Each structure stands twice: as C-alpha cells, then as structure tokens.
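structure of the sequence below:
(2 chains)
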Amino acid sequence: MLDEAIISSITPVFRRIFEDESLVVTRSLDASMVPSWDSLNHIALILELESHAGVKFTTDELASMANVGDLVDVLKGKGYSGA
Amino acid sequence: MAATQVDRAPLDAYPHVREVQRVLDERFPYFARIIDRQVQEFGPAWLAFLESDLAKFFQGDLERLGQAVFGYGRFALDGMRLQKLFDKTHRYEFKSYAEASDEVYQNRDYMFSLYLPGIYLSHFLWLHHYKQHVFFEEKFLPLVRNHGGMEFYDVGVGTGFYSKEMLRALPDIRGNGFDLSPYSLEHTAKMVDAFGFLPRYQTNLRNIVSEPIEKPAPFIINIEVLEHLEDPQEFLNALCKMLEPGGYGLISAALTAPNADHIYLYNTAQEVADQLVSAGFKVLDHIEDEAYQPRKPGDTVPRNAAFIVSR
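As a prediction, this is how the structure comes out:
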C-alpha cells in the first residue's frame, strides 16, 4: 500500500520531466524503458523529487537507484509516505 | 510499456568494454547510452583504444573493473548534481585548497573508490575529455616527435593517464610525475607499471611551487590542474620555469565545471590563456570543447580548454 501511495505521488513528477502524460510508473520502470530518461533528465528528476518529497539524497543513495523500485525504497527509508 | 530498442554497438570482441556496458545497464541505466554515443562520434578506433587500455590496466579482473565503473557512476552523478546548482549560482562552492585536499586528495577511500576511477573512465566516456586526448595525439605528439627531446614532466598526474600515454607513444622517452596526493601517485605508478613503463618513469610527492624543480625538461604535461588551485597564476609561474626554451607543453583547464575539489572558476578559455601568457608561455594552439549540448538556454555545461604552449 505504501509503495502504491508513493508511486502515485511521484508519478506526476515523472510525467512532467519526461513529458509523457501517459507514462505508467511501476517499481520495475527504469531508464532503458523511457526514451527521454537520459543522464540530464535523470538529474532533473532527482532534484524535482527531492523538492517534491522534502528529502535530500546522498551520493550513495543516488547510486543505489537503478529503477523506480529502488527509488521508492530510499524514499520509504527517509520516512516519505506519499501523503 | 515496451522496452525502447536502442541500437547497440556489438561488443563481443571487446570483453572489457562489454563489462563497462553491463554495469552501466545494471546500475546506472541513464548513463548506458554513453558507449553508443562515443562509438557514433569517434568510430571503432575509440572502442579498440578503450578495450586495449582496460585490458592492460585491469588485466581481466572484471570485478575490479566493475567497481571502477560503479565509482565512475558516483563521480558523474556528483558532478552533474553540482552542475545544476552551478546553473543557479554561477559559483563554485567556496572551499580552501586545504579543505579540498582533506576531503579528496588525502582521502584514500574517496580517491580509490570514486575519484580516480571516475576520472580515468571519463578520459574515454566524456566527449570533451576524449576530444582533449585527440588533440594530444593529433597536435601535441607530432611536435614532441619532431623536437626529439627525451624527458617530460607531468605535473598533477591525476590517474596517470597522460603520463602513460606519453610513455606509450614515445618508446624512448622518460618521465617524472609530480602530485600532492600520495594516492594519485600510487594510482599512476600502478597504471604505468601495468603497461610495462615503470623503468622509464618516476613519481614524486612534491609541491613544485614551494620546492621548485631547477632542471627544466623539453616537455611538460599539466591536465586539468589549474581549477584545483587557489592561485593558479603562482603555479603557472613555477610551471613555466620547468619547460626548456623551445620545448612544448600541453596545459588544460576545466571551465564552468563544478566538482568537489574545483576551487578556481574559469568562465572562458581566454582567462586561462591570459594567465599562461602572464607566466611567460607562448600559446601555439588550443581547443575548447563542451561535455554536451546545453538542454535549454541558461544551462551551463562543463567545458575544457587545452593549450599547446612553448617558451
């Protein structure tokens, strides 16, 4: 349930950064599945998510995020619930 | 959503590059297109050079190579994040040399797990860094070969990449590398040794400003060191005295490129050229390149400027 709440909360950020209103965000989604998810958009996504969730990611946390599931796990670890 | 089909360079004949690609795919999928972009830009010669270098340096140890790629990923993420901050401030985070040194150059774990593998792989994976190497090969090395001198100084060796490249290109030349980080010197010695060049090379833990080198050499190399210093002009004044009259130097600097240890901000190549001339160098040639195209107006991008100098 918590995963769903977090994914639901961050989906608009993904859609805005990748300019795709139909993008379906799931735990398994990663950059290989989204044509515009390159390194520059990745950093833009990270900064937007930090602002959206009110958190700050460390370099080690950033390096641990290979897909949305990893990102959700880091957000949960920081106490973010998507609310 | 179906996976996007990306045209991939065939890497069957390049096992070390294939490992780099595998780790990028697995850990940093947003960096995974870098290899294809470089192959598109520089062709199969780039692939062959990268494979050959990785094979010599890592000698089939794919686990160590994988750790280096992971370090590269962290290094690149750090830099890109700082670049977005720089877009807003147009300043580097204020830091003294002593602070940067404690945080980076004297920090063994940071140097070996992130900084040195990051810089080493960036020589191949970053567009502007590889173009700098092309400039070295196509413009600097012919001057060195025609001159015929037999000794070079590499001041601020970093990973040892350019010392190794000088020793590789010029089978009879001898070199001395100087740095303030024992870990840069350790990495450099490992690199030079892996290629079998250690008998022609010596590393020196020495500050060339406070302990000047009295005997000039026909060639000097100084790659992206100036931006790490509080007073690059003072350093260049000392560096100029290390070059023989009629000799050649390759000196480069990072422009608008924040990093954990970048202190002195150069906004333009002209600022570097002015300091070179003020130190007593003659500028013979130069290039300036960007890491990538800015995504939108107002975005800054890391750039570098490389100069061939004489005196």
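
roughly how far does B:G249 sit from chain A?
As defined by Cβ to the nearest Cβ, to the nearest Å, B:G249 lies at a distance of 33 Å from chain A. All C-beta spots, glycine's among them, are computed from the backbone N, C-alpha and C.

and the strands in the chain?
Because you didn't say which chain, this covers chain A. Using DSSP state E, chain A contains no strands.

wait, chain B was what I had in mind.
Under DSSP E, chain B gives strands at B:151-155, B:174-179, B:201-205, B:217-223, B:243-255, B:282-290, B:303-310.

out of those, flag the one nearest B:P29.
For the strands of chain B, proximity to B:P29 was assessed by Cβ to Cβ; strand B:282-290 is nearest, at 23.8 Å.

which positions within that closest one qualify as buried?
B:H286, B:I287, B:E288, B:D289, B:E290 (16 or more other Cβ atoms under 10 Å in any protein chain shown).

and the residues you listed near chain A, which?
Counting by Cβ under 8 Å from any Cβ of the partner chain, nothing from the buried residues of strand B:282-290 sits close to chain A.

with pLDDT and distance to B:V69 added, can I get those residues in a markdown table?
Formatted as a markdown table, these follow (pLDDT from 0 to 100; distance: Cβ to Cβ, whole Å):
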| residue | pLDDT | distance to B:V69 |
| --- | --- | --- |
| B:H286 | 98 | 32 |
| B:I287 | 98 | 28 |
| B:E288 | 98 | 28 |
| B:D289 | 97 | 23 |
| B:E290 | 97 | 24 |
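
which one of those residues is nearest B:R64?
Using Cβ to Cβ, B:D289 is the member of those that sits closest to B:R64, with 30.0 Å.

and the closest residue to that closest one other than its chain neighbours, how many neighbours?
Closest residue to B:D289 apart from its sequence neighbours, by Cβ to Cβ, 6 or more residues apart in numbering or on different chains: B:H128 at 3.9 Å. A total of 23 residues lie near B:H128 under the criterion other Cβ atoms under 10 Å in any protein chain shown.

got it, and B:D78?
19.

again with the one 5 residues further on
Other residues within reach of B:Q83 by the criterion other Cβ under 10 Å amount to 20.

same check on B:L255?
That count, for B:L255 with other Cβ under 10 Å as the rule, works out to 23.

do the same with B:A217
B:A217: 21 neighbours (other Cβ under 10 Å).

also B:S252?
Count around B:S252 with other Cβ under 10 Å applied: 27.

same question for B:P245.
Per other Cβ under 10 Å, the neighbour tally for B:P245 reads 8.

quick check: closest non-adjacent residue to it.
That would be B:R311: by Cβ to Cβ, 6+ apart, it lies 5.7 Å from B:P245.

now the one you found: how far from B:C240?
6 Å (Cβ to Cβ, to the nearest Å).

overlap in contacts of those two?
Taking Cβ atoms under 8 Å, 6 or more residues apart in numbering or on different chains as the criterion, B:R311 and B:C240 both touch B:G280, B:F281.

residues in contact with the closest residue to B:Q293 other than its chain neighbours?
Leaving aside its chain neighbours, B:Q293 sits nearest to B:V301 (7.3 Å; criterion: Cβ to Cβ, 6+ apart). Counting by Cβ under 8 Å, 6+ apart, B:V301 makes contact with B:Q83, B:T256, B:E290, B:A291, B:Y292, B:Q293, B:P294.

one more: A:A63?
Taking Cβ under 8 Å, 6+ apart, we find A:A63 in contact with B:R27, B:F28, B:F70, B:G73, B:R74, B:L77.

near chain A, from the residues you listed?
Among those, the ones lying near chain A by Cβ under 8 Å from any Cβ are B:R27, B:F28, B:F70, B:G73, B:R74, B:L77.
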